[in-house]
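**Q** The following block contains a protein sequence and its predicted model.
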Amino acid sequence: MTTPATTPPASSSAPALLAIPTFLLDVVRGALIGLAELIPGISGGTVALITGVYERLITSASHVVSAGRILLTGPRRRARITAELRQVDGWLILPVILGMVTIVLTLAGIVEAMVAENPELSRGLFFGLVAASIVVPIQQIPRLRRSLRARLGGVAVFGAAAVLAFVLVGLAGGAVDVEPSLLIVFFAAAIAVCALVVPGVSGSFFLLAIGLYSPTLVAVDERNLAYLGVFAAGALVGLVTIVQGMRRLLERHRRLTLLAMAGLMLGSLRALWPWQELPAGESHGVGVVVAPYEPVAGPIVLALLGVAAVVVLLVVERSLLRRSLDAEHGSESPQKPRL
């Protein structure tokens, strides 16, 4: 006589049902990260932090980089590469890349025009997004009892990172280079890709500072394969060199690394202050921060919408995480006695 299954079908299908909205959410996460990479002043790493996938992406990217290094240097390539690739979270990487590529290819021209034609409104929205997201790395700092010296050191790291970002943002304002050298494009991409890894560092803003922002978005919009191929090669080189370093910093110096991230995000708000006066004859870069002028209401409303968007993303992320944990461990968790 056959014993009936002890696990009901609904329970066994719960993870599968959760996988569909999780996949779609990861596509949206990738789209938001890609959108951030198109916008001067906001970092893709910041959005990855907000949406709760930053460390998972860094860890997976680190294993991919290790696999590539093993392929070039050996020994025992097959076994070691297989071991590294098994550590890659493919169910996260694939939808995130799908969302990023889709947004970049479809919205590059639109975003470039929006930033150029509505600077106060666009900066207002992104100011709210980044300002609200500063709490994300701070919330992830381990809560441990520390000495006064350690606390002062953390404050110093936070302040130094904020000042560094504030000063570097003020250096932006390069003229647009219509036909840049491909060698310059290669090295610029290697530096700009840091925005995918370091929250608070805007790759688009770096491109804007050296005059490559508009040419790069135009190349994407027009499918300039030569330009895009060189840019992708430079970005790959930059990604390989920095991702391992960020993973080690998070593993060995997590508290100070997160504080530095928060400081960089705070300092980068200078680039996103809605009301700025640019030097005569310039339409790009960062100007002098001034008191609000017309329009006033629009940037403020959009900043508040940006804050609300971050709050919604955090709530959705926590809700999905709670459901996932319940689906995986709910049947194993003992019932709490009622008092």
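**A** Everything's here; your move.
**Q** from here on, contacts and neighbour counts on C-alpha atoms
**A** OK.
**Q** quick one: low-confidence parts of the stretch 1-150 of the chain?
**A** Within the stretch 1-150 of the chain, the segments meeting pLDDT under 70 span 1-20, 40-42, 112, 144.
**Q** and if we set it to 50?
**A** Scanning the stretch 1-150 of the chain for pLDDT under 50 picks out 1-17.
**Q** Tell me where it has strands.
**A** With strands called from DSSP state E, counting those that start in this stretch, the stretch 1-150 of the chain shows none.
**Q** Quick check, residue 303 in contact with residue 130.
**A** No - counting by CA atoms under 8 Å, residue 303 does not reach residue 130; the two are 9.5 Å apart.
**Q** Show me the common contact partners of these two, please.
**A** Residues touching both residue 303 and residue 130 (CA atoms under 8 Å, 6 or more residues apart in numbering): none.
**Q** Tabulate the CA atom coordinates of the one helix or strand residue 220 maps to in PDB.
**A** Using DSSP states H and E, residue 220 maps to helix 213-222. The C-alpha trace of helix 213-222 is given here as PDB (Å, rounded to 0.1, in the frame of the first residue of the first chain):
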ATOM      1  CA  TYR A 213      28.300  62.200 -20.800                       C
ATOM      2  CA  SER A 214      26.300  63.400 -23.900                       C
ATOM      3  CA  PRO A 215      28.600  61.600 -26.400                       C
ATOM      4  CA  THR A 216      28.200  58.300 -24.500                       C
ATOM      5  CA  LEU A 217      24.400  58.600 -24.300                       C
ATOM      6  CA  VAL A 218      24.200  59.600 -28.000                       C
ATOM      7  CA  ALA A 219      26.400  56.500 -28.800                       C
ATOM      8  CA  VAL A 220      23.900  54.300 -26.900                       C
ATOM      9  CA  ASP A 221      20.900  55.900 -28.600                       C
ATOM     10  CA  GLU A 222      22.400  55.600 -32.100                       C
END
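**Q** Show me what the following helix or strand past that helix is packed up against.
**A** Remark: after helix 213-222, the chain's next helix or strand is helix 225-252, criterion DSSP H and E. Here helix 225-252 touches helix 54-73, helix 182-192, helix 213-222, helix 254-267, going by 3 or more CA pairs under 8 Å, 6 or more residues apart in numbering; DSSP states H and E.
**Q** mind giving me a markdown table with those and columns for mean neighbour count and distance to residue 322?
**A** Shown next, in a markdown table, are those (neighbours: other CA atoms under 10 Å; distance: least, CA to CA, whole Å):
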| stretch | mean neighbour count | distance to residue 322 |
| --- | --- | --- |
| helix 54-73 | 18 | 17 |
| helix 182-192 | 19 | 35 |
| helix 213-222 | 19 | 39 |
| helix 254-267 | 24 | 24 |
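**Q** what's the closest of those helices to residue 82?
**A** Comparison of the helices and strands packed on helix 225-252 against residue 82 by CA to CA identifies helix 54-73 as nearest, at 8.0 Å.
**Q** next one: that closest one to chain centre, how far?
**A** How far helix 54-73 lies from its chain's middle: 18 Å, per CA atoms, centre = their mean, to the nearest Å.
**Q** So which elements touch that helix?
**A** In terms of contacts (3+ CA pairs under 8 Å, 6+ apart), helix 54-73 is packed against helix 44-50, helix 77-85, helix 90-117, helix 225-252.
**Q** quick revisit: now the helix holding residue 220 against helix 90-117, angle please.
**A** If you take axes from the mean of the first three to the mean of the last three CA atoms, to 10 degrees, helix 213-222 sits at 120 degrees to helix 90-117.
**Q** all numbers from here: first residue = 21
**A** Right, with 21 as the first residue, what we last looked at is helix 233-242.
**Q** max-length helix in the protein?
**A** Assignment by DSSP state H gives helix 317-349 as the longest helix of the chain.
**Q** Give the rounded mean pLDDT of that helix.
**A** Helix 317-349 comes out with an average pLDDT of 78.
**Q** Over to stretch 188-201?
**A** Mean predicted lDDT for stretch 188-201 stands at 62.
**Q** For that stretch, measure first residue to last.
**A** Distance across stretch 188-201, first residue to last, is 24 Å (CA to CA, to the nearest Å).
**Q** How many residues are close by residue 148?
**A** A count of nearby residues for residue 148, using other CA atoms under 10 Å, gives 25.
**Q** how much space is there between it and residue 325?
**A** Here the criterion is CA to CA. By it, residue 148 lies 7 Å from residue 325.
**Q** and what of residue 103?
**A** 44 Å.
**Q** When those two are compared, which one has more neighbours?
**A** residue 325 (17 against 13).
**Q** pretty sure residue 109 contacts residue 80?
**A** Yes - using CA under 8 Å, residue 109 is in contact with residue 80, at 5.9 Å.
**Q** Stretch 257-275 - what's its average pLDDT?
**A** For stretch 257-275, the mean per-residue pLDDT is 80.
**Q** Let's see that stretch as CSV, backbone CA atoms only.
**A** Extracted in CSV, the C-alpha atoms of stretch 257-275 (Å, rounded to 0.1, in the frame of the first residue of the first chain):
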residue,chain,number,x,y,z
VAL,A,257,38.6,46.2,-16.8
GLY,A,258,37.5,48.7,-14.2
LEU,A,259,34.9,46.2,-12.8
VAL,A,260,37.5,43.4,-12.5
THR,A,261,40.0,45.6,-10.6
ILE,A,262,37.5,47.1,-8.0
VAL,A,263,34.9,44.5,-7.2
GLN,A,264,37.3,42.2,-5.3
GLY,A,265,38.5,45.2,-3.3
MET,A,266,35.0,46.1,-2.3
ARG,A,267,34.2,42.6,-1.3
ARG,A,268,37.2,42.4,1.0
LEU,A,269,36.5,45.8,2.5
LEU,A,270,32.9,44.7,3.4
GLU,A,271,34.2,41.4,4.8
ARG,A,272,37.1,42.8,6.9
HIS,A,273,36.1,46.4,7.6
ARG,A,274,32.3,46.4,7.2
ARG,A,275,31.5,49.1,9.7
